[in-house]
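> Requesting a structural model of the entry that follows:
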Amino acid sequence: MRQFGTSYEEVFRASTEDPEGFWLAAAGGIEWDVVPARALDASRAPFYRWFPDGELNVCHNALDRHVAAGRGAQPALVHDSPVTGVRRTYTYAELTEEVAAFAGVLAGLGVGRGDRVVVYMPMVPEAVVAMLACARIGAVHSVVFGGFAAPELAVRIDDAAPKVVVAASCGIEGARVVPYKPLLDRALDLAAHRPRACVVLQRPQCAAELGERDLDWADAVRTARPAAPVPVAATDPLYILYTSGTTGKPKGVVRDCGGHAVALRWTMEAVYDVGPGEVMFTASDVGWVVGHSYIVYGPLLAGATTVLYEGKPVGTPDAGQFWRVAAEHGVKTLFTAPTALRAIKKADPDGELARRHDLSRLEYLFLAGERLDPGTYHWARDLLRVPVVDNWWQTETGWPVVANPMGIEAAPARAGSPTRPLPGWDVRVLDAAGKPAPAGEDGALVVRLPMPPGALSTLWNDDDRFVASYLSAYDGFYLTGDGGHIDEDGYVFVMGRTDDVINVAGHRLSTGSMEEVLASHPAVAECAVIGVADPLKGQVPRGLVVLKEGVVAGPGAVEAELVRLVRDRIGPVAALKDVAVVAALPKTRSGKILRATMRGIADGRDEPVPSTVDDAAVLDALRPVLTRGASLGEQ
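Numbering: from 1, shown residues only. All right, here's what the predicted structure looks like:
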């Protein structure tokens, strides 16, 4: 990275003027079995391939190389589980040994290069071991969020066609034990594909009854012959990750080995400022892309220590758990979702719990997954007194598209913006006609092709759908599905999904802009604005807000204040006349608010409960509020 200069402008210019040279130099951060001489193969555009003549093993780069470099005694993985009371640290040498043994289990079951393995596990070290074991022998892992409903697991099993499924006997959601084995058995009954075997990790909270096709994890590892890393092509798939909220045939994002390793290794230094021996705590789940990139692969590729946390931001047992983990484990960089921070803020608005812990070693708070509202940004910054870094990216991109690169040069932060595009990403804003939008004007956020290393190479077994879903809207561009604008200084403002732009009497309005106003009110913990069908105006906005703990003003008074606030800040064109105070907002397990589902219910459709919902009861409680009549928009 440093060879391109020390300023953002210098590094960004190098990535755009000579992308081949830039990424070949970045590839020097990875240990190759065959060093690539070429960076980009564009012969089958838009199916671009990075480092086409290189060979490597990602697991070797994440583990063995650090042991060989003399750092085998350094902590690699810290498992912190307040829901079980377990805390355990694995050194690089210990983790390498565990991974090699389980890789031997998989190899003994006939799993080899290119074979798929579905991993259906909670936040336990064995989930990381299973992922790395697949990478070690050239297999392709597909992690499905633990506790996912059986029908959703079944369609993913049918799509990936795994030779083996790796599961745990149960997961723990707060104080509730969730048996996984019955869900897995039901999924296998529903699925057409039959895996060769299921390896089950028995947890003491709920042991599973094993059948003929099932192997006990501990027994299998005890007799396994450790497996060595297998070199694979840089263009070989490392994993398949299905996008959340998928219905019908799922979209399996394919990540390659070489581009993924190079990009993540580069971002650890350039974006997150984390190096060997430093500690990163990413409070996500291994079932999501953030968990893949920055719990498992990114920190280990960089030789850092990664914290695997099994618990919630609040309630296990309190809203101070993230701060406790950061203090106890000497965390330098904390990465979580704005939703988690809003939950903490709601339960502990004055930050009393944070002040009980020594956070002197915490240098950065990174946030991604949902739009970071200015209120939450200011609250976190004032509480922690460290840079609060919003970053914008997607399952498909694999790493941040827009972020403040703390390891290169920190730009002045602007609330509401994740800052500027990172090197490698050519972000544009296009209007409805596909023309460049003027600075400050909202449009579709797109990325000029080719995307950099680490982005999806295609969808699993579905090249046509890859093109149709992402590359067909604007020729030569990847469609992010998000809308927003870029200001005169190059700062990107992401206002939400393009389907969250509503049309009120011919005026195109961003619900994200209205949410920003609602969130600025001192009584509001979190909020959502949706567009509801209206016979007169086409659509009208409806606001839903959750109040902070301890708010004494009545809901009616707060609702009236919020309506006035939006009118004052945006103007009467916003037409937001309906704001309701609710107990909670429905979310996915990854923390994204289910705006599309709420919009469908409000429009009178029989909207199914998404498979990714965190708590279906929250959605049920909201139905009367959402369906109370479209006439509200006419008042």
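
> All the helices of the stretch 351-500 of the chain, in order from the start?
In the stretch 351-500 of the chain, the helices defined using DSSP state H, counting those that start in this stretch lie at 374-384, 463-466.

> Return the first one as CSV; C-alpha atoms alone will do.
Going back to what we said before, that points to helix 374-384. The C-alpha trace of helix 374-384 is given here as CSV (Å, rounded to 0.1, in the frame of the first residue of the first chain):
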residue,chain,number,x,y,z
PRO,A,374,-26.3,11.3,12.1
GLY,A,375,-27.8,11.0,15.6
THR,A,376,-26.2,7.6,16.3
TYR,A,377,-23.0,8.8,14.7
HIS,A,378,-22.7,11.8,17.1
TRP,A,379,-23.8,9.7,20.1
ALA,A,380,-21.1,7.2,19.5
ARG,A,381,-18.4,9.7,18.7
ASP,A,382,-19.1,11.8,21.8
LEU,A,383,-19.3,8.7,24.1
LEU,A,384,-16.2,6.9,22.9
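
> What lies in contact with that helix?
The contact list for helix 374-384, computed with CB atoms under 8 Å, 6 or more residues apart in numbering, reads 338, 341-342, 345, 351, 354, 359, 362, 365, 367, 387-388, 390, 413, 415-416, 516, 519-521, 524. The way it works is simple: take the backbone N, C-alpha and C, and place the C-beta from them, glycine included.

> the strands in the stretch 451-600 of the chain, which residues?
Assigned strands in the stretch 451-600 of the chain, in chain order: 458-459, 477-486, 492-497, 501-504, 507-510, 524-534, 538-547, 578-581 (criterion: DSSP state E, counting those that start in this stretch).

> need the least confident one among those strands, by mean pLDDT.
Here the lowest mean pLDDT among those goes to strand 507-510, at a mean of 62.

> what pairs with the residue nearest to residue 125 when sequence neighbours are not counted across the strands?
Leaving out its chain neighbours, the residue that sits closest to residue 125 by CB to CB, 6 or more residues apart in numbering is residue 79, at 4.9 Å. Residue 79 has these beta-bridge partners by DSSP bridges: residue 88, residue 308.

> contacting residues around residue 79?
Going by CB under 8 Å, 6+ apart, residue 79 touches 86, 87, 88, 89, 90, 124, 125, 308, 310.

> Try it again at 7 Å.
For residue 79, the contacting residues are 86, 87, 88, 125, 308, by CB atoms under 7 Å, 6 or more residues apart in numbering.

> Filter those residues down to the buried ones, ChimeraX style.
Applying 16 or more other CB atoms under 10 Å to those leaves a buried subset, and the ChimeraX line that selects it is:
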select :125,308
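
> For residue 300, which three-state class applies?
The assignment at residue 300 comes out as helix when based on DSSP: H, G, I helix; E, B strand; the rest coil.

> Specify the local secondary structure of the closest residue to it other than its chain neighbours.
Distance criterion CB to CB, 6+ apart; nearest residue to residue 300, sequence neighbours excluded, is residue 62 at 3.8 Å. Of the three states, residue 62 takes helix under three-state DSSP.

> And residue 269, by the same measure?
Quick answer, by three-state DSSP: residue 269 is helix.

> which secondary element of this protein has the worst mean pLDDT?
For the chain, counting by mean pLDDT, DSSP states H and E, strand 507-510 ranks last in confidence among helices and strands (a mean of 62).

> who's in contact with the closest residue to residue 555 other than its chain neighbours?
Nearest non-adjacent residue to residue 555, counting by CB to CB, 6+ apart: residue 581, 3.8 Å away. Applying CB under 7 Å, 6+ apart to residue 581 gives the contacts 545, 547, 555, 558, 559.

> what's the answer for residue 27, then?
Residue 27 makes contact with 36, 51, 262, according to CB under 7 Å, 6+ apart.

> Could you export the host helix or strand of the last one as CSV, CA atoms only?
Element membership of residue 262, judged by DSSP states H and E, is helix 257-270. As requested, C-alpha coordinates have been extracted for helix 257-270 and formatted as CSV (Å, rounded to 0.1, in the frame of the first residue of the first chain):
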residue,chain,number,x,y,z
CYS,A,257,-9.8,-17.5,-3.6
GLY,A,258,-7.1,-15.1,-4.9
GLY,A,259,-9.0,-11.9,-5.3
HIS,A,260,-10.7,-12.3,-1.9
ALA,A,261,-7.4,-13.0,-0.1
VAL,A,262,-5.6,-10.0,-1.7
ALA,A,263,-8.4,-7.6,-1.2
LEU,A,264,-9.1,-8.5,2.5
ARG,A,265,-5.4,-8.5,3.4
TRP,A,266,-5.1,-5.0,1.8
THR,A,267,-8.2,-3.6,3.6
MET,A,268,-7.0,-4.8,7.0
GLU,A,269,-4.1,-2.3,6.8
ALA,A,270,-5.6,0.3,4.5
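
> Downstream of that helix, the next helix or strand is which one?
Downstream of helix 257-270, the next assigned helix or strand under DSSP H and E is strand 279-282.
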